[in-house]
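Q: generate coordinates for the sequence data below:
(2 chains)
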Amino acid sequence: MRRLVALLGLVWSLANLGVAYFFLTSAFVAKTAAKEGILAQLSLLVGGVLIAAFAILLARECLRMLTSAPASEPA
Amino acid sequence: MAWLLVVAGLVLVGVGVAAAVGQAGSGAQPWGNELSDNFTFVKALPFVVGFGVAVGLLMSRTYGAKVRADGAVRRWSPGTVFGHWVLTLGFVLALPTGMWQYLGGILDVNLPIPLYLFYRVHYIGASIVLFAVAAFVSYLYLTGDRSLVVPRGQWGRHLLGLAYELPPSLRGRYAKLLRVDLRQPRPPAGKFTFYEKVVEFPSWSIVLALITITGLIKAGRYLIPVPGFVLWLASTLHVAAMVIIVIKLLDHLRYTFPRWSLMGAITTTWMKERAPAPGQSSSERSGTSAAGVAGGGDT
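A: Numbering: from 1, shown residues only, chains lettered A, B, ... in the order given. Sure thing, here's the model as predicted:
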C-alpha cells in the first residue's frame, strides 16, 4: 500500500510540475501581458515557482518511500 | 432520529436536483449548456448544504475519545474520516477542472472535449466540497470539538513547539522572525502536532472559506445582480484560492506521506502512538529543548 500511495503521489507531483511549467511560461509571453497585465504575470510567476517547489518536495518524499524498506518507516 | 434526518435530506436533494435539471432540460429556457449547468448547480446548492448539515449531525454521533486494548488511540472520529474523504473526492473533481478553465484561457487553447463538460464536472466537485464543508461546520458546532484550534493565550507555546518541528535550517530564521525564544524547553505536543494546529488547520479553514464564498458569488451572478467590481474581485480571489489549495495539497501530502501512521489514522481512525515525527525519538517527545534541537526538524 505504501508503494502504491508513493506512486500516486509521484504522479500527482509530476502533474503539478506540468501545471507549474505552464504557469511559468505563461508569465513571460506577450499575450499574457497584453490580455492580463503585469499583476497576472507576477501571480503566474509566483504561483508557478511555489507549485514547482512543493511538487519537488512531494516527489522527493515519494521517491524516499519507494526506495526505503518498510522497516525504516518513520513512526 | 439523525438517520431519519439524513434520509429525508437525501430525498430532498434528489427532488431538488431533479426539479432543477427538469427545468434546465425542458427546452423552455433559452439557456446554453453552461448556463443550464450553472442554474442547476445554484438551485441545487441549498439542498446540498442542508443535506450536509444533516450528515454533520450524524457525524457528530461518532465523536468521542476512545482507547483500544492494545493502547491505540482514536485520533479522528469515523465522521471526520468520512468528511475528509468526501472533501478529497470533491477536490479531485473540482481542482483539475478549475485549473483547466483557468489555464485554457491563459494559454488560449481548446481541447476536443467541450468546455461545458469541464464546468459540469467542476460544479459536481464544488457541490461535494460544499456538502463536506457544511457537514464539518455542523459537526464542529454540535460536538464543540476545538482540539485543532490553538487556545487563547497559548500562541506563544504553540509557536515555540512549531519551531522545534521545523527543519534546523529554517528554525533559526523562523525564531528570529517571530521572536521565539529557543532557550525555552520544547513543549510537549498533544494528540496533534504543532504544525497541524498552527499551520494546517487554520490555513485550510481560511482557504476553504475563501474558495467557498468567492465560488458562491461567481455561481450566483445570474440569479442575483453582482456589481462588476465584486465579481472581478471574487473571480480573482477564487483563482488565488485555487492556486493556494494546489500548493497546500502538495504540502499536506508531503507532510503526511512519510508519517505513515497519520495515513493509517485517516483511514482507520486509530493511531498506535501520538504525534509522529520522522527521526524523532521518545526522549524528544518528552519536550526538552536540547533533545528537540539535536533531533532535527519534524516538519
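
Q: make it CA atoms for all contacts and neighbour counts henceforth
A: Noted.

Q: mind listing the helices in chain A by residue range?
A: Counting by DSSP state H, one finds helices in chain A at the ranges A:2-27, A:30-35, A:38-67.

Q: I'd like the ones you listed written out as TSV, with mean pLDDT and distance to chain B added.
A: Rendered in TSV, the data for those read as follows (pLDDT from 0 to 100; distance: least, C-alpha to the nearest C-alpha, whole Å):
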stretch	mean pLDDT	distance to chain B
helix A:2-27	93	7
helix A:30-35	80	7
helix A:38-67	92	5
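
Q: return the helix or strand in chain B with minimum mean pLDDT.
A: Of all helical and strand segments in chain B, the minimum by mean pLDDT, DSSP states H and E falls on helix B:289-294, at a mean of 32.

Q: please name the nearest non-neighbouring residue to the residue most central in space within chain A.
A: Ranked by distance to the mean C-alpha position of chain A (C-alpha atoms, centre = their mean), the top residue is residue A:55 at 2.9 Å. In space, and not counting its chain neighbours, residue A:55 is closest to residue A:13: 4.7 Å by C-alpha to C-alpha, 6 or more residues apart in numbering or on different chains.

Q: and that neighbour, how many residues sit next to it?
A: Summarising burial for residue A:13: neighbours were counted as other C-alpha atoms under 10 Å in any protein chain shown, giving 25.

Q: which residues are in contact with it?
A: In this structure, residue A:13 makes contact with A:55, A:56, A:58, A:59, B:250, judged by C-alpha atoms under 8 Å, 6 or more residues apart in numbering or on different chains.

Q: can you flag the buried ones in those?
A: With burial judged by 16 or more other C-alpha atoms under 10 Å in any protein chain shown, the buried subset of the contacts of residue A:13 is A:55, A:56, A:58, A:59, B:250.

Q: shouldn't the fourth one be in contact with residue A:10?
A: Which is residue A:59. Yes - between residue A:59 and residue A:10 a contact is recorded at 5.3 Å, counting by C-alpha atoms under 8 Å.

Q: distance of the residue nearest in space to the middle of chain B relative to residue B:196?
A: The C-alpha lying nearest the average C-alpha coordinate of chain B belongs to residue B:204 (C-alpha atoms, centre = their mean; 5.3 Å). Applying C-alpha to C-alpha, to the nearest Å, one obtains 10 Å for the distance of residue B:204 from residue B:196.

Q: then residue A:30?
A: For residue A:30, the distance to residue B:196 equals 41 Å [C-alpha to C-alpha].

Q: in terms of neighbours, single out the busier of the two.
A: Set residue A:30 next to residue B:196 and count neighbours by other C-alpha under 10 Å: residue B:196 wins out with 18 against 12.

Q: ok, residue B:226 - contacts?
A: Contacts of residue B:226 (C-alpha under 8 Å, 6+ apart): residue B:217.

Q: now it, what's its secondary structure?
A: Judged by DSSP: H, G, I helix; E, B strand; the rest coil, the three-state class of residue B:226 is coil.

Q: so what does it have for phi and psi?
A: For residue B:226, the backbone dihedrals are phi -120, psi 120 (criterion: degrees, to the nearest 10).

Q: again with the one 4 residues further on
A: Phi and psi for residue B:230, reported as degrees, to the nearest 10, are phi -60, psi -40.

Q: again, but for residue B:145
A: Summarising the backbone geometry of residue B:145 under the convention degrees, to the nearest 10, its torsions are phi -70, psi 120.
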